[in-house]
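Novice: pasting the sequence and the predicted model now:
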Amino acid sequence: MAPSSVFHFPIRTLSNERVKLVPFDPKHHVETFFRLSEPHPELYAHMSHGPFPSAAKLKAEFYERGNKHPISFTNTDTFAFAIIDKTRPPSADDPEGELAGTVSYCYTSAEHLSTEIGFIIILPPYQRSHVATNALGLVLNYALNEPDEGGLGLRRVHWKASAANSASSRLAERMGFERVGFTPWHMRFVKGKEKGKIGNGKEPPPGSDPADLWRDTVDLSLGWDQWRSCARERTQKAMSR
């Protein structure tokens, strides 16, 4: 692992019998992702991204700032996966199944051996199924397993969920994450009311734009020691359901 604060992920596919994660290629995956997500702006209600008015705008999110790597959103410490549901028939997006969503590693540090899991979107046809737990299980195994086990050997994985999105926190806790903090006024959703965002329900700060909303955030963490002692087994059980 390079002695740098910037981490460059080995490009590889993560897979089990039901789900496959491949590098998200904007040229290949964006059209289907936009077609299935565009009627559902609520998918972006708790995050700073989106909703996007066109496939072109969604694609630009992968290219427009700084790094031009086609499988990174904006930074070299961020790596985006396309989630493929292998229980579905082969499709134009993948010979082993259908595009079911996306998940990313964010803010990854080689110095601190840590990462954050973010930009998790499971497309509506694949929600309330095996997809979310299996995709999350694959990225956790890859992040926290040792290199001789096929993993990256990271020591901590972080998760941030909107306080208004209890489903996100519950998913993280089901996989072994523990709540470690709470950040009020963590994000400002500029023109959030117009974009269908969900705020913290509090009186906004003085001088706020009436269209803006704010998000409070629940911080969750999963360390290598928790992973070894119980979370890896818990994750495997969740994936097998």
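Specialist: Good, I have the coordinates. Residues are numbered from 1 along each chain as shown.
Novice: can you tell me what sits against stretch 193-212?
Specialist: 41-42, 44-46, 50-51, 162-165, 184-185, 188-192, 213-216 (CB atoms under 8 Å, 6 or more residues apart in numbering). For glycine as for every other residue, the C-beta is placed from the backbone atoms N, C-alpha and C.
Novice: in ChimeraX, select just the buried ones from those residues.
Specialist: The ChimeraX command for the buried members of the contacts of stretch 193-212 (criterion: 16 or more other CB atoms under 10 Å) is given here:
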select :44,45,46,50,51,162,163,164,165,188,189,192,213,214,215,216
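Novice: in strands, which of the contacts of stretch 193-212 appear?
Specialist: Ser162, Pro184, Trp185, Arg188, Phe189, Leu213, Trp214, Arg215, Asp216 (DSSP state E).
Novice: farthest pair within those residues?
Specialist: Farthest-apart pair in the ones in strands among the contacts of stretch 193-212 is Pro184 and Phe189; separation 14.5 Å (CB to CB).
Novice: Pro184 against Asp216, yeah?
Specialist: Yes. The pair Pro184 and Asp216 qualifies as a contact (CB atoms under 8 Å) at a distance of 4.9 Å.
Novice: number of residues surrounding Ser166?
Specialist: Using other CB atoms under 10 Å, Ser166 has 11 neighbouring residues.
Novice: with the one 4 residues further on instead?
Specialist: A total of 11 residues lie near Arg170 under the criterion other CB under 10 Å.
Novice: centre of the chain to the helix or strand that contains it, how far?
Specialist: Arg170 belongs to helix 166-174 when elements are defined using DSSP states H and E. In this view, helix 166-174 has its centroid 13 Å away from the chain centroid, taken as CA atoms, centre = their mean, to the nearest Å.
Novice: which outside residues touch the helix or strand bottoming out on mean pLDDT in the chain?
Specialist: In the chain, no helix or strand scores lower on mean pLDDT, DSSP states H and E than helix 55-60, which sits at a mean of 89. If you take CB under 8 Å, 6+ apart as the criterion, helix 55-60 is touched by Pro26, Lys27, Val30, Glu31, Phe33, Phe34, Arg35, Gly50, Phe52.
Novice: show me the contact partners of whichever helix or strand comes after that helix.
Specialist: Counting by DSSP H and E, the element after helix 55-60 in chain order, helix or strand, is strand 79-85. Applying CB under 8 Å, 6+ apart, the external contacts of strand 79-85 come out as 9, 14, 18-25, 29, 33, 62, 71-73, 93-94, 96-105, 108, 119, 122, 126, 129, 131, 135, 139.
Novice: isn't there a strand covering Thr87?
Specialist: No. Counting by DSSP: H, G, I helix; E, B strand; the rest coil, one finds Thr87 to be coil, located in no strand.
Novice: right, and Gly223 touches Ala143 too?
Specialist: No. With contacts counted by CB under 8 Å, Gly223 stays clear of Ala143, the gap being 11.3 Å.
Novice: related to what we said a few turns ago, now, which of the contacts of strand 79-85 lie within helices?
Specialist: Using DSSP state H, His29, Phe33, Val131, Ala135, Val139 are the members of the contacts of strand 79-85 that sit in helices.
Novice: how about the contacts made by the last one?
Specialist: Going back to what we said before, that points to Val139. Applying CB under 8 Å, 6+ apart, the residues near Val139 are Leu14, Leu21, Phe81, Val103, Tyr105, Ile117.
Novice: make it 7 Å
Specialist: Counting by CB atoms under 7 Å, 6 or more residues apart in numbering, Val139 makes contact with Leu14, Leu21, Val103, Tyr105, Ile117.
Novice: do the same with the third one
Specialist: Neighbouring residues of Val131 by CB under 7 Å, 6+ apart: Val19, Ile83, Asp85, Ala100, Gly101, Ile122.
Novice: then the fourth one?
Specialist: Contact criterion CB under 7 Å, 6+ apart gives Val19, Leu21, Ile83, Val103 as the residues in contact with Ala135.
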